[in-house]
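J.: give me the fold of what follows.
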Amino acid sequence: MPRPSKAAGSVALVTGANRGIGLAFVRELAARGAKKVYAGVREPGALADEFAGLPAEVVPLDVTDPAAGGAAADACQDVNLLVNNAGLFTNTRLVLTSDPDAARREMEVNYFGVLNMTRAFAPVLGANRGGYIVNVLSVAGAFPAPFMGGYSPAKAAALFLSSITRSELADQGTEVIALIVGSVDTRMAAHVRGRKEDPRDIVRAGLDALDRGEHVTDTDFMAVDARARYARDPVRYERGMTKLLKATVMETGR
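T.: A predicted model of the protein is given here:
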């Protein structure tokens, strides 16, 4: 007998919902029978018809602002599924960089943004029978990725945060899943060559894993393959990452 979808009948809030994986979440949640999806968007005035025909309600939201997260939680008291998707990748190095503030901005969005939203919505989820948190992370946060500057450590911090959140909210029945995502066909990965996954496939894999009760899941081939190769020989993999970094710097100058 098919496992019932946790998205069915849910009221979700998705951060960074206006494009890429975030927009795919809004569409897939609707397809799985979500009652309502709050679409967290930093600049609502820039929207076109992204949510046409969907059970979506736009919520102005900057995840780096704790007050904005609190205001969203106050306005969306019926949420039982939080998707922390908003992300930032500055495509610059961490130490030898011409933009020393880039790593701080990446940490603000990719780590503190997730923490802000989790803190704001934890009481809401608890009041709604526990609910679910989905953190959209990266294979770059599962092991060091030197060609991804401050993005890699920020996503690693969010992976640890996911586990800590699961423990802290266990008594209220909140389930937490971390999605380890590889290369996806989004604006953030426009510079990446080679195979890139459809965002909708990433979302389907993530929601299926949520239905199975998984804590951490690899959503695509690149995530599975990279994590396996790193586990087999971390030193060799790191050397390969160093070569990739050098090639990237030579090509882009960053």
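J.: how about low-confidence regions in the stretch 1-150 of the chain?
T.: Counting by pLDDT under 70, the stretch 1-150 of the chain contains low-confidence ranges at 1-2.
J.: 80 instead?
T.: The model of the stretch 1-150 of the chain has pLDDT under 80 over residues 1-3.
J.: all helices of it, in order?
T.: 20-31, 66-75, 102-107, 113-127 (DSSP state H, counting those that start in this stretch).
J.: looking at those helices, which is buried most?
T.: helix 20-31 (a mean of 23; mean count of other Cβ atoms under 10 Å). To be clear about C-beta, it is placed using only N, CA and C from the backbone, and glycine gets the same treatment.
J.: give the other helices and strands that that helix contacts.
T.: strand 11-15, strand 36-41, strand 81-84, helix 199-212 (3 or more Cβ pairs under 8 Å, 6 or more residues apart in numbering; DSSP states H and E).
J.: hmm, 7 Å instead?
T.: Applying 3 or more Cβ pairs under 7 Å, 6 or more residues apart in numbering; DSSP states H and E, one finds that helix 20-31 contacts strand 11-15, strand 36-41, helix 199-212.
J.: P153 is nearest to which of those?
T.: strand 11-15 (20.2 Å; Cβ to Cβ).
J.: list the neighbouring strands of that closest one plus their orientation.
T.: Paired with strand 11-15 in the same sheet, following DSSP bridges, are strand 36-41 (parallel), strand 81-84 (parallel).
J.: tell me the most buried of those strands?
T.: strand 81-84 (a mean of 29).
J.: thinking again about what came up before, could the helices of the stretch 1-150 of the chain be laid out in TSV, adding distance to D220?
T.: Below are those laid out as TSV (distance: least, Cβ to Cβ, whole Å):
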stretch	distance to D220
helix 20-31	11
helix 66-75	29
helix 102-107	22
helix 113-127	21
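J.: out of these, which gets nearest to P60?
T.: Here helix 66-75 is closest among the helices of the stretch 1-150 of the chain (Cβ to Cβ), at 7.4 Å.
J.: quick check: angle from the closest one to helix 113-127?
T.: On the basis of axes from the mean of the first three to the mean of the last three Cα atoms, to 10 degrees, helix 66-75 is oriented at 20 degrees to helix 113-127.
J.: just how off-centre is helix 66-75 within its chain?
T.: 19 Å (Cα atoms, centre = their mean, to the nearest Å).
J.: next: stretch 203-210.
T.: The answer for stretch 203-210 is 13 Å, by Cα atoms, centre = their mean.
J.: avg pLDDT for it?
T.: On average, the pLDDT along stretch 203-210 is 98.
J.: having no further points to raise, I will conclude here.
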